[in-house]
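>>> When you get a sec, could you give me coordinates for this:
(chains A and B)
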Amino acid sequence: MFKGKFIDNLPKIYGTYTGGFIVFIILMAIAEQAGMSAKLIGIFFVAFTVLIYALIGYLSRTMQTDAYYVAGRQVPTVFNGMATAADWMSGASFVAMAGGIYFKGYGYMALLVGWTGGYVLVASLLAPYLRKFGCYTVPDFIGTRYGGNMARLSAVIVLTVASFTYVTAQINATGTIASVALDIPFEIAVYVGLASILMCSMLGGMRAVTWTQVAQYIVLIIAYLLPVFWISNKMGAGVFPHLMLADEVARIAELEAQFGLGEVKNSAADLKQVPKGLSGITKAHAEVNTTPWKFISLAVCMMAGTASLPHVMMRYFTTPSVKAARRSVGWSLFFIFLLYSSAPMLATLSKLSLMDPNLATGIIGKSITEVQAIDWYQNWNQANLMFVSDFNGNGTLELNEFFMGGKAVVLATPEIAGLPYVISGLVAAGGMAAAMSTADGLVLAISNALSHDIYYKMINPKAETAKRLIVARVLLVLIGFAGATIAALEIQGILGSVIWAFDFAMSGLFFPLVLGVWWKRANAQGAVAGMLGGLIAGSAYLIAVRSGYPGFWGVTQLTFGIVGSLVSLVLMVVVSLMTKAPDAATQRMVDEVRIPSGKAILGKQH
Amino acid sequence: MSKQQQHWEKTRMLLFITLAIWFVFSIGIFFFGAEMEASSIRPLGYPLSYYMTCQGSLGIFVILIFWFANRQEKIDEEFGYTEREDD
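Next comes the predicted model:
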């Protein structure tokens, strides 16, 4: 039922699925009109979508290594693009990005440029060559190209550090959303999120994750775009917000001047009253507010990190051909672009709704008691995401007296703009889809590396297929639980951990991967030195900066990958040149990788 | 030069062009954030600096990857390295 025929029917299957989802939204809207409670709508949205993903995961179960590790290498270009987009866009992209833009403006948008520009590196430097290689995992490439268990092991270490940092943030995000939507305590919600994540990946590995990720992309993109278009039209800001919000951006600048943005500063004593994690608007919406180096260094780290993160790279191992891998990167970025280009528009609409006194929704300039009586203010104040206080005692709400959490921009804007609650339920389902799809990709990347590279290639090369796949699943569950346990401790915020993951990946893997294809002289000793040296240097810099060291070259704890990757590059080149050149067989292998046609380096079943 | 070397030569050339365009729109222009903001070029009415970070650079990357993929396919065809569908 699943082979061949299923692939040919993909457009029909996912078309029906999308139609079904829209019908479900309409049914929920009708139910809301008929008096269904907001809480019940939220539960329906999250439970219904998660059940569908679990069903897809169950239908995609497999006992073949090829299907488990690389989805049988038959995922068509466009669908692989959608799956990658879901794999890529995490809870941070969905829930936190618009908020970051809202509060930090231009300086924050370095992340937008970095998280898209990285795909040019993926397409041109790496993805097609790694696809030709025919590996199952990223350490599989490193291990075979450079030869030796040491190189393989080093790659697994870097992969685990980077991906694990990332996955705790994602499980945290699924927990947050599940706890709000299902109204259960966070410590329990984390494990509910984990169970949903494992249901999608455990039985079918990469094959199951691929088809659930496509389904998750469809949910998350509808959930993100529908409110943006709706609010824009409702406000009369423009039928197509992306092309028509110039006046609104100018209007915000006007209001910022009128309300004295930046002129009135809050005293430290006043700020103490503000709940942790909330902030006010302190930066102009569209002005350049950072130095070129700060912007560029952050963008560079995100770009190199994109090209080194194994859970993204392994998505291109699933395409039918090298050519398809290349095109698929283009489709991935196209699908990502749809959401990323909408985030600044959402931030603009959200800010204007709150600020403009000419709009019914505007609250700045109204009396404090009036604002405190608004329904949505009370809801989000209770959820610890909004706060007002009359610091100057004049009775009216000033711009510097309104505080909001970053998540509220995505989660609360539909309600603020007066959209029906069904949209808020939809947004919760979208956020859940975004966090789950990324968590699945990450957990799978780690457990595949441990089961394939450590267990099968290094510990027990004679293991039979059935045993390998059981080990893979056991590891998947263990890693999921470890991630959830750490997520429940809530050590670092979602966005901070995500950025760290990019820096870790860049420190240890960027140059060993790129030079593996583009520099024949690179050898195992160099690669090992590059991976471990880069990871150690980057981590050391991060720890030093965290404990008060001022740092150099303006490199902060968000951009420590610059230090790590430079150390990695220097070590790799120097050590490679000081030791023996790779043997003739390895050189021939690199030549072979550079040609798209012909057999893969590693056989179909390895 | 062997066929394979020529193919790699052309592939490398394409890489350099692609990376040059990538560099301009991901790094180069952001050295001039303040100048872009003051510029009288305002795509769709947005300030240029704002536009490039919201849509401009992002859209150019999408187009760049598809352009790169097309060019690389042409190079592969020229040297007869196109994959057979059943590979």
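>>> Out of the helices and strands in chain B, which is least certain?
helix B:33-38 (a mean of 88; mean pLDDT, DSSP states H and E).
>>> and the closest residue to A:G118 other than its chain neighbours, what does it touch?
With sequence-adjacent residues excluded and distances taken as C-beta to C-beta, 6 or more residues apart in numbering or on different chains, A:G118 is closest to A:T306, at 2.6 Å. Yep, even glycine has a C-beta here, placed from its N, CA and C like the rest. A:T306 makes contact with A:114-115, A:117-119, A:121-122, A:312, A:502, according to C-beta atoms under 8 Å, 6 or more residues apart in numbering or on different chains.
>>> What's the local residue count around A:N381?
Residue neighbour count, defined by other C-beta atoms under 10 Å in any protein chain shown, stands at 17 for A:N381.
>>> follow-up on the earlier one: closest one to A:G20 out of the contacts of A:T306, please.
A:G20 lies nearest to A:V312 out of the contacts of A:T306, by C-beta to C-beta, at 29.1 Å.
>>> Secondary structure element for the closest one, which one?
A:V312 is part of helix A:310-313, with elements assigned from DSSP states H and E.
>>> After that helix, which helix or strand is next?
Per DSSP H and E, the helix or strand that comes after helix A:310-313 is helix A:322-340.
>>> Which strands and helices lie in contact with the next helix or strand along the chain from that next one?
In the C-terminal direction, the helix or strand that comes right after helix A:322-340 (DSSP H and E) is helix A:343-355. Here helix A:343-355 touches helix A:97-104, helix A:205-235, helix A:241-244, helix A:246-258, helix A:408-416, going by 3 or more C-beta pairs under 8 Å, 6 or more residues apart in numbering or on different chains; DSSP states H and E.
>>> switch to 10 Å and redo it
Under the contact criterion of 3 or more C-beta pairs under 10 Å, 6 or more residues apart in numbering or on different chains; DSSP states H and E, helix A:343-355 touches helix A:97-104, helix A:110-121, helix A:205-235, helix A:241-244, helix A:246-258, strand A:402-405, helix A:408-416, helix B:48-51.
>>> for residue 75, helix, strand, or coil?
Picked chain A for this. Under DSSP: H, G, I helix; E, B strand; the rest coil, A:V75 falls in the coil class.
>>> any weak-confidence spans in the stretch 501-606 of chain A?
For the stretch 501-606 of chain A, residues meeting the criterion pLDDT under 70 lie at A:603-606.
>>> And for chain B?
For chain B (pLDDT under 70), the answer is B:84-87.
>>> Now with 90, please.
B:1-4, B:34-35, B:37-41, B:45, B:79-87 (pLDDT under 90).
>>> all helices in it, in order from the N-terminus.
B:3-26, B:33-38, B:48-51, B:57-78 (DSSP state H).
>>> How far does the least confident helix or strand of chain B sit from its chain's centre?
Chain-centre distance of helix B:33-38: 23 Å, with C-alpha atoms, centre = their mean, to the nearest Å.
>>> which residue is nearest the centroid of the chain?
Picked chain A for this. In chain A, the residue lying closest to the centroid (C-alpha atoms, centre = their mean) is A:S90, at 2.8 Å.
>>> you looked at the wrong chain, it should be chain B
B:L64 (3.6 Å).
>>> Please list all residues in contact with the residue lying farthest from the centre of chain A.
When distances are taken from the C-alpha mean of chain A, A:N394 lies farthest, 43.1 Å away, according to C-alpha atoms, centre = their mean. Taking C-beta atoms under 10 Å, 6 or more residues apart in numbering or on different chains, we find A:N394 in contact with A:367-368, A:401.
>>> closest point of chain A to chain B, which residue?
Closest contact between chain A and chain B, by C-beta to the nearest C-beta, is at A:A246 (2.9 Å).
>>> contact partners of the worst-scoring helix or strand of chain A on mean pLDDT?
In chain A, no helix or strand scores lower on mean pLDDT, DSSP H and E than helix A:5-8, which sits at a mean of 79. Residues from elsewhere that reach helix A:5-8, judged by C-beta under 10 Å, 6+ apart: A:13, A:59-60, A:72, A:74-76, A:79, A:211, A:320.
>>> make it 8 Å
A:13, A:74, A:76.
>>> top of those by neighbour count?
Neighbour counts for these, by other C-beta under 10 Å, peak at A:Q74, which reaches 19 neighbours.
>>> what's near enough to touch residue 68?
Using chain A here. By C-beta under 8 Å, 6+ apart, the neighbours of A:Y68 are A:62, A:204-207, A:469, A:472.
>>> ah, no, chain B please
A:120, A:123-124, A:326, B:14, B:18.
>>> Apply 6 Å and report the result again.
By C-beta atoms under 6 Å, 6 or more residues apart in numbering or on different chains, the contact list for B:F68 reads A:124, B:18.
>>> what do you get for A:A237?
A:E248.
>>> Wasn't it part of a strand?
No - secondary structure of A:A237 (three-state DSSP): coil, not part of a strand.
>>> Could you give the backbone dihedrals for it?
In terms of degrees, to the nearest 10, the main-chain angles of A:A237 are phi -80, psi -20.
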